[in-house]
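Undergrad: okay, predicted coordinates and the sequence, questions at the end:
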Amino acid sequence: MRIQNAVTSGTFSLDGGTWEVDNNVWVVGDDHECVIIDAPHDPGPILEVVGDRTVLGILLTHAHDDHIGAALALRDATDAPVHLNAADRMLWDRVHDEAPDAEVADGDRFTVAGADLLALHTPGHSPGSTSYLLAAESTVFTGDTLFKGGPGATGRSFSDFPTIISSIREKLLTLPPETVVRTGHGDSTTIGDEAPHLEEWISRGH
């Protein structure tokens, strides 16, 4: 089992604004098979990491345009199904005319290289935001729900600060403190590093 990272660059647009962003893509698997977590901007760098492996699935953490722009191109290149929580379908439909291939729900499991990725519904940044826990490697892929330094943004449409705090408190900070948090943007962190700051985030959010 190995966890590899590709970074793609492009834009994020919502509510009439557009911002330049760098996105993390995570490729999880072994020498023979893998899954891709998120599909931003440009499929090229992602496919370079995948190589000739079989892609079992494209797992989306949420459907903001900077996380799904390359989803259909990746699907076409790999024949892998695209999985998205149905609560984010309205965001997906702003970007793509075709539907995703499958819905992700809290508690779903995806097996790759003999290990399970567990889907954790962590709404707040968006209604369908989903984290993926790889317990065998003590890591969780949080998309834009939890970053190094605090929660993801909740100042735009379809987001909610109390909801993201509840998701982080109930679904993420309950994980072992050594769990590595691999984010949708920026550097990784650990649950142990972030947990002590929950009350600070809450006071700052209000």
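TA: Done, it's in.
Undergrad: got the residue ranges for the helices in the chain?
TA: 43-50, 65-68, 71-78, 89-92, 161-167, 191-194, 198-205 (DSSP state H).
Undergrad: quick one: mean pLDDT for stretch 9-28?
TA: Averaging pLDDT along stretch 9-28 yields 97.
Undergrad: just stretch 146-160 next, same as before
TA: Stretch 146-160 comes out at a mean pLDDT of 96.
Undergrad: equivalent analysis for stretch 45-55, please.
TA: 98.
Undergrad: span of it from start to end?
TA: With C-alpha to C-alpha, to the nearest Å as the measure, stretch 45-55 spans 15 Å from end to end.
Undergrad: run through who's touching it.
TA: For stretch 45-55, contacts defined as C-beta atoms under 8 Å, 6 or more residues apart in numbering pick out 4-8, 25, 27, 29, 31-36, 39, 70, 74, 77-80. Where you see a C-beta, it was placed from the backbone N, CA and C, and this is true even at glycine.
Undergrad: stretch 7-18 too?
TA: So stretch 7-18 is contacted by 19-25, 40-42, 45-46, 64-66, 69-70, 156-157 (C-beta under 8 Å, 6+ apart).
Undergrad: shaky segments in this protein?
TA: 206 (pLDDT under 70).
Undergrad: quick one on the thing from earlier: with distance to T179 as extra columns, can I get the helices of the chain in TSV?
TA: Shown next, in TSV, are those (distance: least, C-beta to C-beta, whole Å):
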stretch	distance to T179
helix 43-50	23
helix 65-68	22
helix 71-78	27
helix 89-92	27
helix 161-167	15
helix 191-194	4
helix 198-205	15
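Undergrad: out of those helices, nearest to L133?
TA: Closest to L133 of the helices of the chain is helix 191-194 (C-beta to C-beta; 10.8 Å).
Undergrad: packing partners for the closest one?
TA: Helices and strands touching helix 191-194, as assessed by 3 or more C-beta pairs under 8 Å, 6 or more residues apart in numbering; DSSP states H and E, are absent.
Undergrad: list the contacts of S138.
TA: With contact set as C-beta under 8 Å, 6+ apart, S138 has these partners: 176, 178-180.
Undergrad: look up how far P176 lies from it.
TA: S138 sits 7 Å away from P176, going by C-beta to C-beta, to the nearest Å.
Undergrad: try I191
TA: Applying C-beta to C-beta to I191 and P176 gives a distance of 7 Å.
Undergrad: just want to know which of these two has more residues nearby.
TA: I191 (21 against 10; other C-beta atoms under 10 Å).
Undergrad: once you drop chain neighbours, what's closest to the more buried one?
TA: Excluding the flanking residues, the one nearest I191 by C-beta to C-beta, 6 or more residues apart in numbering is T179, at 4.4 Å.
Undergrad: verify the contact between the one you found and T139 for me.
TA: Yes. Using C-beta atoms under 8 Å, T179 is in contact with T139, at 6.4 Å.
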